[in-house]
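Peer 1: Quick one: sequence plus predicted model below, questions after.
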Amino acid sequence: MPSNPSSKASETYYDDLEKESAVHPLIEHARSLPARLRRSGLLRAKILATTSVGLLLLLYVFSSTLSTPPPTGSSSSSPLSSELLSSAEYNISTPLHVLVPSSRSDANLCKTLLTLSVLGYPTPILLAWNETYDNPWLAGGGSMIPAKIYRVSEYLDALPASADNDLVLLIDAYDIWFQLGPSVLVSRYHALNAAANTRLRAQLGPAYNKENIRQQIVWGQQKLAEPNEAHTIAWYPIPESPLPADTYGANTDTPIGRSRAASFRPRYLNSGYAMGTVASMRALWTRSKEWYEAHKEHDDNDNGSGVSNYMYYGADNPIFNEIWGEQEYAREVARLKHLPWLDRLLHRASAKPRGGSISGVRFDNILDPAFTHQKWSPEEGKSYEFGIGIDYASDLGHQTEESVADARWLVHNGSLVEQITERNAFDCKMRLPEALPRDIVAQGPPCSMTSPKADDGLCTKNIGHAAPLPTWTSVELYTHLCYGTVPVMLHYDGYTNKHFREDWWNRLWMASHGRALLDIARARAAVSAQEGRLIKTYEEFIEAPRWSGNGEIGAWTDKKSFVGWDELCPAKWDSKVFGTENEIAL
C-alpha cells in the first residue's frame with residue numbers, strides 16, 4: 001500500500017516535540033491519539049452494527065403487516081352473503097344496458113323476456129337479430145362468435161365516451177330466468193367488486209396500486225374450465241376459490257361426489273352472463289376479437305385430441321377462459337415484480353410464485369408448473385389486465401351445470417330445513433340464511449316492481465281478487481344451500497339441464513300468473529311513457545336505457561328497430577309460456 005506523505009510529516013513533527021520536552025502536553029495528547037481513535041472507531045462500529053440489527057428486526061416485524069402475504073390456498077371463511085352485500089350503499093341509478101345475443105325467437109326467449117319485463121329491467125337489446133346460422137358442426141349453428149363476440153363489440157364501440165361508466169349486463173338468451181329486480185343486481189355487482197378488491201389488495205401487495213388492478217367485470221361461475229384442455233393457460237394460473245374449504249366436507253375439490261365435478265368449488269368462468277362497465281367490457285371485447293382472429297381454426301397447444309378444432313367448435317367460453325388465464329398469469333408476474341425488497345431479503349414464501357391446483361391436485365409455481373403445459377409469458381408493454389372476476393357464491397346468478405343439488409326452491413317464511421328433501425352424504429354443508437336478505441325486501445313487493453307508484457291498484461285488480469298479493473316471504477325463491485345466497489337469476493347451463501326450463505317454470509314466482517303480470521306491465525308501460533319522456537328511436541334509447549320508455553313491452557334490436565311482445569312471442573307459444581297459469585297459487 002503506498003505511504004501517506006502527510007502522515008510521515010506528522011510523525012516527524014511529534015518526534016521533534018518529544019526531544020524538546022518529555023512532558024509537553026501536546027506530546028502526551030499525540031501519543032494517546034491513535035489508541036483513542038481506534039477505541040472510538042470500534043465503538044462506532046459496534047453502535048452501527050447494533051442499530052442495524054435493531055432496525056432490521058423492527059422492519060421485519062413492521063413489514064409483516066405491509067408486505068405481500070405468502071401465496072396460499074383458499075380461505076376457510078364464509079363467502080359474502082346477500083345480507084352482507086346489501087349492508088352498504090351503492091349507486092343503483094347508473095344506466096344499465098341489457099344485451100341479449102339472439103338471432104331468433106322461441107318460447108324460451110319469451111320466458112327470459114317475460115321475467116325481465118315483469119321485474120322492471122330496462123328494455124333488452126337483441127343482438128344478431130334475424131341473422132341466419134345453420135352450421136351443424138358449430139355451437140349454436142355458428143352463431144356464438146358473431147353474436148356474443150362481434151355484435152357485442154360493435155354495440156359497445158358505438159357508445160360514446162360519456163357512457164363509459166354505464167353498466168352492461170350480457171346474458172344468454174334461451175336459458176336464463178330472473179327472479180329478483182335490477183336494484184338487487186346492481187347493488188350486488190358493486191358489492192362483489194368491493195369485496196374482490198379487498199382480497200386483491202391483500203394478495204397482490206404493492207402491485208395492486210402500481211398496476212391499477214381492480215375487478216370491474218363479474219362473470220358467471222362454473223366448476224371446470226371446460227371445454228378448454230387442462231394443460232392450457234385457461235386452467236393452471238386460475239386462483240383458488242375463496243369459498244369455504246369445507247363446502248363439501250372432506251370431499252371438497254375431489255372427484256368424489258354426485259358426479260365427477262359436483263364436489264368442486266366454483267372457480268372458473270362461465271360466459272352465460274357477464275356484468276361490467278361499458279369501458280371495461282369494451283376493452284375486453286376488443287381483446288376477444290384479437291384473440292379469436294389469431295386462433296380461428298385450431299389451438300397449437302391442443303393435446304392431439306382435436307378438442308380445440310374450430311377453436312372449440314365455435315363456442316365463446318373458451319376464448320374468455322384463455323383471456324382470464326392470461327390476466328391471472330400476468331397478475332402473478334406483476335406481484336413478484338413489485339414485491340417489497342424485504343420479502344426477497346428474508347426469502348419469504350411470498351417471494352416465490354404461488355402454487356395452484358387442478359381438479360384437487362396441487363402443484364408448485366403457476367408460472368411454470370412441472371407438468372406438460374402451454375408455455376406462455378406476457379409481452380413487454382402489453383396490458384393483460386381486464387378486471388375479470390367471478391360470481392363465486394351465485395349472488396348474481398346460479399349455473400346448474402354440476403350444481404343442481406346445490407340449490408332448492410324455498411319459501412322464506414319459516415323453517416327452511418323442513419322444505420329440503422332428497423339430499424345425500426355427498427351434498428354440501430348447508431349454510432342457510434337466517435332471514436331473507438334485506439336487499440330483496442327493499443326492492444318492493446313482487447307485483448309492484450314495474451309500478452312508478454307504491455300501489456296503482458293493478459295488482460289487486462288483476463291478481464288480488466283470486467289470492468292474496470304475493471310477498472317475498474310467500475313465494476318460492478331459488479336458494480343456494482351451500483352459501484345461503486338467493487341468486488338474482490338462474491342459468492340452466494349444460495345440455496343435461498335444459499329440461500329444467502320446462503320442469504321448473506311453474507316454480508318461478510311469476511309464472512303461475514304470467515299473463516296477468518304481463519298485462520299489468522303493459523298497462524304500466526303506457527302510463528310511464530305518457531308521464532315521462534317518450535322514447536321513439538333506438539338512438540334515444542341507448543342514450544338512456546330504461547324500462548319500456550316507448551310505452552310497450554318487447555325489445556330493441558341491433559338493427560335499430562323495436563319488436564313488440566306479440567311479434568316476439570306469438571300465440572303459438574302461449575301454452576309453453578302461459579299454459580300453467582293459475583295452477584300454482586301465489
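Peer 2: Yep, that arrived.
Peer 1: Output the lowest mean pLDDT helix or strand found in this structure.
Peer 2: Lowest mean confidence among the helices and strands of the chain (mean pLDDT, DSSP states H and E): helix 5-20, at a mean of 41.
Peer 1: who are the neighbours in contact with Glu567?
Peer 2: Gly554 (CB atoms under 8 Å, 6 or more residues apart in numbering). Every C-beta, even on glycine, is put in place using the N, C-alpha and C of the backbone.
Peer 1: quick check, it in a helix?
Peer 2: Yes: secondary structure of Glu567 (DSSP: H, G, I helix; E, B strand; the rest coil): part of a helix.
Peer 1: Roughly how far does it sit from Ala173?
Peer 2: 16 Å (CB to CB, to the nearest Å).
Peer 1: ditto for Thr473
Peer 2: 31 Å.
Peer 1: just Ala425 next, same as before
Peer 2: 38 Å.
Peer 1: quick one on the thing from earlier: of Thr473 and Ala173, who's got more company?
Peer 2: Comparing Thr473 with Ala173 by other CB atoms under 10 Å, the one with more neighbours is Ala173, at 25 against 14.
Peer 1: just checking, the more buried one touches Leu99?
Peer 2: No: taking contacts as CB atoms under 8 Å, Ala173 lies outside contact range of Leu99: 9.9 Å.
Peer 1: Ignoring the adjacent residues along the chain, who's closest to Leu224?
Peer 2: Ala261 (5.2 Å; CB to CB, 6 or more residues apart in numbering).
Peer 1: is it true that that neighbour lies in a strand?
Peer 2: No: if the criterion is three-state DSSP, then Ala261 is coil and not within a strand.
Peer 1: which residues sit in contact with it?
Peer 2: Taking CB under 8 Å, 6+ apart as the test, what Ala261 contacts is Lys223, Leu224, Pro255, Ser359, Glu402.
Peer 1: cutoff 6 Å now
Peer 2: Lys223, Leu224, Glu402 (CB atoms under 6 Å, 6 or more residues apart in numbering).
Peer 1: Buried only: go through those for me.
Peer 2: Lys223, Leu224, Glu402 (16 or more other CB atoms under 10 Å).
Peer 1: now the closest residue to Asn424 other than its chain neighbours, what's its secondary structure?
Peer 2: Nearest non-adjacent residue to Asn424, counting by CB to CB, 6+ apart: Arg258, 7.5 Å away. With three-state DSSP as the basis, Arg258 sits in coil.
Peer 1: Now do the domain split for the chain, please.
Peer 2: According to automatic domain parsing, the chain comprises the domains 96-113+123-398, 400-577.
Peer 1: Which stretches in the stretch 251-400 of the chain count as helices?
Peer 2: 278-294, 310-313, 317-337, 341-345 (DSSP state H, counting those that start in this stretch).
Peer 1: which of the ones you listed sits most buried?
Peer 2: Highest mean neighbour count among the helices of the stretch 251-400 of the chain (mean count of other CB atoms under 10 Å): helix 317-337, with a mean of 22.
Peer 1: report the angle between the axes of that helix and helix 278-294?
Peer 2: Put simply, helix 317-337 runs at 110 degrees to helix 278-294, going by axes from the mean of the first three to the mean of the last three CA atoms, to 10 degrees.
Peer 1: just checking, what packs against helix 317-337?
Peer 2: Using 3 or more CB pairs under 6 Å, 6 or more residues apart in numbering; DSSP states H and E, the elements in contact with helix 317-337 are strand 268-277, helix 278-294.
Peer 1: distance between the longest one and the chain's centre?
Peer 2: For helix 278-294, the distance from its own C-alpha centre to the chain's C-alpha centre is 17 Å (CA atoms, centre = their mean, to the nearest Å).
Peer 1: Could you give the average pLDDT over it?
Peer 2: Averaging pLDDT along helix 278-294 yields 96.
Peer 1: Which strands or helices does it pack on?
Peer 2: Checking 3+ CB pairs under 6 Å, 6+ apart, helix 278-294 ends up next to helix 152-158, helix 317-337.
Peer 1: could I get the ones you listed as JSON lines with mean pLDDT and distance to Ala234?
Peer 2: Shown next, in JSON lines, are the helices and strands packed on helix 278-294 (pLDDT from 0 to 100; distance: least, CB to CB, whole Å):
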{"stretch": "helix 152-158", "mean pLDDT": "97", "distance to Ala234": "20"}
{"stretch": "helix 317-337", "mean pLDDT": "96", "distance to Ala234": "4"}
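Peer 1: mind giving me CSV with those and columns for distance to Met449?
Peer 2: Listed next are these as CSV, based on distance: least, CB to CB, whole Å:
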stretch, distance to Met449
helix 152-158, 26
helix 317-337, 31
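Peer 1: For Leu518, find the nearest of these.
Peer 2: Closest approach to Leu518 among those (CB to CB): helix 152-158, 26.7 Å.
Peer 1: Return the set of buried residues in the closest one.
Peer 2: Those would be Val152, Ser153, Tyr155, Leu156, for helix 152-158 by 16+ other CB under 10 Å.
Peer 1: Which residue is the nearest non-sequential neighbour of the first one?
Peer 2: Okay, so that is Val152. In space, Val152 is closest to Trp285, 5.6 Å off (CB to CB, 6+ apart).
Peer 1: show me what contacts that neighbour?
Peer 2: Val152, Ser153, Leu156.
Peer 1: With Leu170 instead?
Peer 2: Leu99, Ala274.
Peer 1: and the nearest residue to Cys447 once chain neighbours are set aside, how far is that from Ala202?
Peer 2: Closest residue to Cys447 apart from its sequence neighbours, by CB to CB, 6+ apart: Cys459 at 3.8 Å. Distance from Cys459 to Ala202, counting by CB to CB: 47 Å.
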